[in-house]
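Sequence and predicted structure, then a few things I'm wondering about:
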Amino acid sequence: MQTGWTAQRWTAAFAEQAEMFRKAVGDADLATAVPTRPGWTVRELVLHVARFLETSTAYLRTGSRNPIGPPPAPGDLTPLEYLDIQLTEANEVLPAVPGNRPVWTFSPAAPDLAWVWHRRIAHEMTLRRFDAQATIRALVATGPDLAVDGIDEVLTTIVAAKIDGDVPNTISGTAVVRPADVPEAWFFSLTAGEAPEVRAAAPGEEGDARVTGEAAMIYYWLWNRMTLDSVAGDRSILGLLQVGRGH
């Protein structure tokens with residue numbers, strides 16, 4: 001499916017989410033535990049985001065056609081100083097790079113084009129903003145448009161990357177993901193040993209597994225940030241769709 005988003009729109013979403021993330025971690029004690037990421041403190045959350053941004057923007061800056069390893073955290077900067085440098089860099093690089101620039105990307109289901117990184121950076125920041133705001137109990141609602149694009153990224157790109165990585169696929173089946181508050185719906189089909197196929201779900205179409213609810217709730221359920229009572233069907237398929245375990 002195509003959600004109509006562009007590199008420019010993902011860049012704007014990143015800037016908005018990054019501002020909220022920076023405020024939330026600035027208001028928190030770095031030693032505070034992050035409830036949505038068991039075992040993490042705010043310090044580890046900040047370092048993760050800074051390292052992610054340093055690595056992901058390197059693809060956009062260099063146009064590398066090969067994977068780039070994450071850098072070690074600098075020993076001469078505080079976590080927030082390191083984060084501020086990377087936020088500044090991202091806010092400069094993202095609008096400067098056209099979405100159609102060739103570059104290595106992380107999923108076999110995604111084209112090797114820069115917009116894949118624009119999208120990933122925007123949604124990674126959205127998830128981490130959620131983590132940070134959950135820590136200080138100051139959550140801001142996620143709009144349905146952003147949530148729909150995030151759902152689409154998971155189903156069309158992230159699940160394929162998960163299967164291609166450390167979770168080889170031995171599962172076959174289908175799922176329908178149908179938010180209640182937007183017109184978009186997805187039909188997800190998986191055959192053991194193959195990449196998933198995703199298309200728009202027809203009205204009334206069903207699958208072996210079903211995910212319903214508000215778009216934002218589904219978005220955060222897919223990333224294992226929330227529980228949903230409105231999921232049913234094949235548990236193995238549902239488990240595959242939830243890509244946020246350990247992330």
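In hand now; what should we look at?

Identify each buried residue in the strand or helix carrying residue 80, please.
If you go by DSSP states H and E, residue 80 is part of helix 79-96. Neighbour-count burial for helix 79-96 flags 79-80, 82-83, 86-87, 89-91, 93-94 (criterion: 16 or more other CB atoms under 10 Å). Just so you know, the C-beta spots here come from the backbone N, C-alpha and C atoms, and that holds for glycine as well.

Would you state the helices of this protein in chain order?
Using DSSP state H, the helices assigned to the chain run over residues 7-27, 42-62, 79-96, 115-135, 144-153, 159-164, 215-222, 235-241.

quick one: low-confidence parts of this structure?
1-2, 165-168, 246 (pLDDT under 70).

Give me the number of neighbouring residues for the closest residue to residue 95 other than its chain neighbours.
Take residue 95 and drop its neighbours on the chain: the residue closest to it by CB to CB, 6 or more residues apart in numbering is residue 11, 5.1 Å away. Applying other CB atoms under 10 Å, we find 21 other residues in the vicinity of residue 11.

Could you report the distance from residue 11 to residue 114?
11 Å (CB to CB, to the nearest Å).

repeat for residue 75
31 Å.

Could you list the paired strands of the longest strand belonging to the chain along with their orientation?
Determined from DSSP state E, the single longest strand within the chain is strand 173-179. Using DSSP bridges, strand 173-179 pairs in its sheet with strand 186-190 (antiparallel), strand 209-213 (parallel).

coming back round to it: output the helix holding residue 80 as PDB - backbone C-alpha positions only.
The C-alpha atoms that make up helix 79-96 are tabulated as PDB, following Å, rounded to 0.1, in the frame of the first residue of the first chain:
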ATOM      1  CA  PRO A  79      24.500  11.300  26.700                       C
ATOM      2  CA  LEU A  80      22.500  14.500  26.200                       C
ATOM      3  CA  GLU A  81      25.400  16.300  24.500                       C
ATOM      4  CA  TYR A  82      25.800  13.300  22.100                       C
ATOM      5  CA  LEU A  83      22.100  13.300  21.400                       C
ATOM      6  CA  ASP A  84      22.000  17.100  20.700                       C
ATOM      7  CA  ILE A  85      24.800  16.700  18.100                       C
ATOM      8  CA  GLN A  86      22.900  13.900  16.300                       C
ATOM      9  CA  LEU A  87      19.600  15.700  16.400                       C
ATOM     10  CA  THR A  88      21.200  18.700  14.800                       C
ATOM     11  CA  GLU A  89      22.800  16.600  12.200                       C
ATOM     12  CA  ALA A  90      19.600  14.800  11.400                       C
ATOM     13  CA  ASN A  91      17.700  18.100  11.100                       C
ATOM     14  CA  GLU A  92      20.300  19.200   8.600                       C
ATOM     15  CA  VAL A  93      20.700  16.000   6.600                       C
ATOM     16  CA  LEU A  94      17.000  14.800   6.200                       C
ATOM     17  CA  PRO A  95      15.800  17.900   4.300                       C
ATOM     18  CA  ALA A  96      18.900  18.000   2.200                       C
END
